[in-house]
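Student: 3D, please:
(chains A and B)
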2 protein chains.
Amino acid sequence: MDKKNIGVGLIGLGVVAGQVAAVLTDKADELAEKVGCPLVLRKIKVLPQDLSRPQARQMPTTLFTTDDEEFFREPGIDIVVEAIGGVSPALDYHKRAIESGKHVVTSNKELIAKHGTELLALARQHGVGLQFEASVGGGIPLIAPFKHDLVANNISGIFAIINGTTNYILTMMAREGMDFASALKQAQELGYAEANPENDVEGIDANYKLAILASLAFQTQVHPQDIYREGISRLTSHDFRYARELGFAIKLLAIAKQSDDSIEARVHPVFIPADSFLAKVDGVYNCVQVEGDLVGKVLFMGEGAGASATSSAVVADIVSSARKIALGIGSISTWKAVAGKSIKPMDEIETQYYVRLNAADQTGVLAQIATVFGKNNISISSAIQPESDSKTQTAEIVIMTHPAREKAMQKALGELEKLEVVNEISNFIRVEEIEGG
Amino acid sequence: MDKKNIGVGLIGLGVVAGQVAAVLTDKADELAEKVGCPLVLRKIKVLPQDLSRPQARQMPTTLFTTDDEEFFREPGIDIVVEAIGGVSPALDYHKRAIESGKHVVTSNKELIAKHGTELLALARQHGVGLQFEASVGGGIPLIAPFKHDLVANNISGIFAIINGTTNYILTMMAREGMDFASALKQAQELGYAEANPENDVEGIDANYKLAILASLAFQTQVHPQDIYREGISRLTSHDFRYARELGFAIKLLAIAKQSDDSIEARVHPVFIPADSFLAKVDGVYNCVQVEGDLVGKVLFMGEGAGASATSSAVVADIVSSARKIALGIGSISTWKAVAGKSIKPMDEIETQYYVRLNAADQTGVLAQIATVFGKNNISISSAIQPESDSKTQTAEIVIMTHPAREKAMQKALGELEKLEVVNEISNFIRVEEIEGG
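Tutor: Numbers count the residues shown, from 1 in each chain, chains lettered A, B, ... in the order given. You can find the predicted model right below:
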């Protein structure tokens, strides 16, 4: 190879970008050894306010520019690392970098989830790579396995705990009997949840990540809006108690399945068997279970976020891009969306259900409820009435069903709500009969 | 690229090779799509007795040869897949393939553990690749993470359940209270253990795998004979009972650690905290926990053996080699042993210990025992005397120590054995204070 060194340009100076810059500097010798020539950080495109950040003050000021034109004119940049997140202006930066023949590395899950297919096609056209291992699961290898290691498999399922914030909250609710609000508050105090937690607790973050994983695994384009999504805010301590009594754990799971030419993809809280491996993944850990026809079940687990873990993946992608540049190879894009597979509408999904409702505490109530399920062809596997309140003359009833169609269940829930004896459908949670690990 | 297709030659026709041949045939279209041109199975080098195997009878007889010369003369072979195992004659086949410019893919752990460094250097010299993902952990990506995904990390530790046979036996001993012989017999009946189980139960298989992982992780050459090794056959139901009571699980762990310029590598049964993630890995599953300075703790888990899971890794390596051939790239060998790091002698290892011994049931015994530990600067964290046998007037005593040097512990054990009041050192097991997951 002819190059004396390979130049890196960084867009953004948040905690991840700051950590990437630090690793490129601190580990310069080891990385040069691994690439075959030095990696040199040439320029960092920042916003004016970034310059007052602590990570900026440790670097020479000549490294920084607030000017897009100056950044893209810099001749020595071979690899652009985008670490600002969001679609705009990141999308423009990606296009501009790719069109000027630079390899791109990013941790931007929203951008890849929404525009990955288009950007990968553009990268292929310009003979450069676009790498995004850091967009899902921090430093846990999750993109590479689908692109390389599991390539001989037909992937049938992905079951993923892929948002550390919600897993921490659910762990606190399960272990300490906390309610959602207290667990969220604790997560915020510990820095695991943001001041505005919507992105995490409503499953938006998990939705983006699942869109990326399912697209890679099934070689098709799964858009974030194709994925059914429900957050964790309506779970209560009652649900955790019944889950435990019935032999389940509650997790926010990102689920994608493939059967024939149809795909299902959804993010919502689920009951999973307490002895399954995913049920044992607690705290801020992420864990992705992948099922393939050859490999069987394989699980990847680790810290799914944090500047340090994320920088592990970003720098690995930089090294991989740099090796290709050093070898004079352009894109070895291995991912291509094959003919679009249809996404199964949520109505057609079939799972078991846990339904918790509040009803009048009088004889014949369960019969009325059972009749509604029966009329909708939903078979009940167990019904328990664990609590009644003599003051209000109401009772809590918990029903577990056999597998049923979502459409039938929604219809049944609507009819149950109209029963005079039913005061409230307190909650319903889908059950995923994932196998024990 | 100019090639119309890429040829594969297979050496061996055991269950793994048979499955690889089946996948290459059954998934020909998908694999061609992924490589960019068809993969064609050109020749299978077999022993005469292989021809009567069921997997042989499904393939055209023209595919087979029992003659080395014919196999290596076959002009259309670009990739040689060696799946016979063992050092001889596999080593010669590898050298011959590499020297004639063919890429090599293998699942042969013994060969890679013993001759990997030499073969990788030869492959580099001849501009071809040598890939061995299938040599460790079946289809679980374990080689690729060290070569690519974790490349930005300094790896400080590997803690691996990497032999399914022994993990199955230990699971049965822990769950069902079985003794070693019964659990082994059950494992043999289920096909999880071989008729001659020595390779698994004495830790030889785990030793080879750890040699490969540690060499990659620490970028040095860790030979199988550098690794201290102990099997599981001396564990009894007593040990499992005390482990459980003390809050531990017993696992056969392959452990490698790096600190400064010294490495420790060992395979033996250990007490690990019952709430650690590895403690929850049961049955034939493999699980490898890796600790890196950036990524933190990351775990890889799945079925570590079996023809199907292993073929997943072999075919992935074939696809990866084929892509390189299609792109006209030779070896992208990323692994190089850097300056040899010294392997810490077992004597210098420091861990905590569990010691179980049988002693006379009389006053002052514990004082005598404690004196021996004290003289050797080993501090006792707990001593219990859970059982005494009034008939034989003997008592079982269990001692847990604080961290101590192996050398001091061995000396203490020798002295304890000589005490008149001590009838037998029934067992001693090292304790690994691995963190909870």
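Student: Not counting its own residues, what contacts stretch A:379-387?
Tutor: Applying CB atoms under 8 Å, 6 or more residues apart in numbering or on different chains, the contact partners of stretch A:379-387 are A:242, A:245-246, A:352, A:366, A:369-370, A:373, A:395-402, A:404. (C-beta placed from N, C-alpha, C; glycine too.)
Student: ok, 10 Å please
Tutor: Contacts to stretch A:379-387, defined as CB atoms under 10 Å, 6 or more residues apart in numbering or on different chains, come from residues A:238, A:241-242, A:245-246, A:352-356, A:358-359, A:361, A:365-366, A:369-370, A:373-374, A:394-404, A:431.
Student: buried sites along that stretch?
Tutor: Residues residue A:380 are the ones in stretch A:379-387 that count as buried (16 or more other CB atoms under 10 Å in any protein chain shown).
Student: what do you get for stretch A:423-437?
Tutor: A:425, A:426, A:427, A:428, A:429, A:430, A:431, A:432, A:434, A:437.
Student: Could you export the residues you listed to TSV, including columns for distance to chain B?
Tutor: Putting the buried residues of stretch A:423-437 into TSV (distance: CB to the nearest CB, whole Å) gives the following:
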residue	distance to chain B
A:425	35
A:426	32
A:427	29
A:428	30
A:429	24
A:430	25
A:431	22
A:432	19
A:434	14
A:437	7
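Student: Sitting in strands, which of those residues do you find?
Tutor: Here DSSP state E is the test, and these give A:425, A:426, A:427, A:428, A:429, A:430, A:431 as lying in strands.
Student: Give me the nearest residue to the second one, chain neighbours excluded.
Tutor: Here the nearest residue to residue A:426 in space, its sequence neighbours aside, is residue A:356; by CB to CB, 6 or more residues apart in numbering or on different chains that works out to 4.5 Å.
Student: So which residues of the stretch 251-400 of chain A form strands?
Tutor: For the stretch 251-400 of chain A, applying DSSP state E, counting those that start in this stretch gives strands covering A:262-273, A:285-292, A:296-303, A:342-343, A:350-360, A:380-389, A:394-401.
Student: Tell me which other helices or strands the last one touches.
Tutor: Pointing back at strand A:394-401 there. When contacts are defined as 3 or more CB pairs under 10 Å, 6 or more residues apart in numbering or on different chains; DSSP states H and E, strand A:394-401 packs onto helix A:237-246, strand A:350-360, helix A:365-375, strand A:380-389, helix A:406-418, strand A:422-431.
Student: Can you flag the weakest of the ones you listed by average pLDDT?
Tutor: When these are ranked by mean pLDDT, strand A:380-389 comes last with a mean of 88.
Student: Quick one: mean pLDDT over stretch A:150-170.
Tutor: Stretch A:150-170 shows a mean pLDDT of 97.
Student: List the buried residues for it?
Tutor: Neighbour count says stretch A:150-170 has A:150-153, A:155, A:157-170 buried, by 16+ other CB under 10 Å.
Student: taking these one by one, which sit in strands?
Tutor: Per DSSP E, these map to strands at A:155, A:157, A:158, A:159, A:160, A:161.
Student: I'd say the fourth one and residue A:298 touch.
Tutor: No. Counting by CB atoms under 10 Å, residue A:159 stays clear of residue A:298, with 11.4 Å between them.
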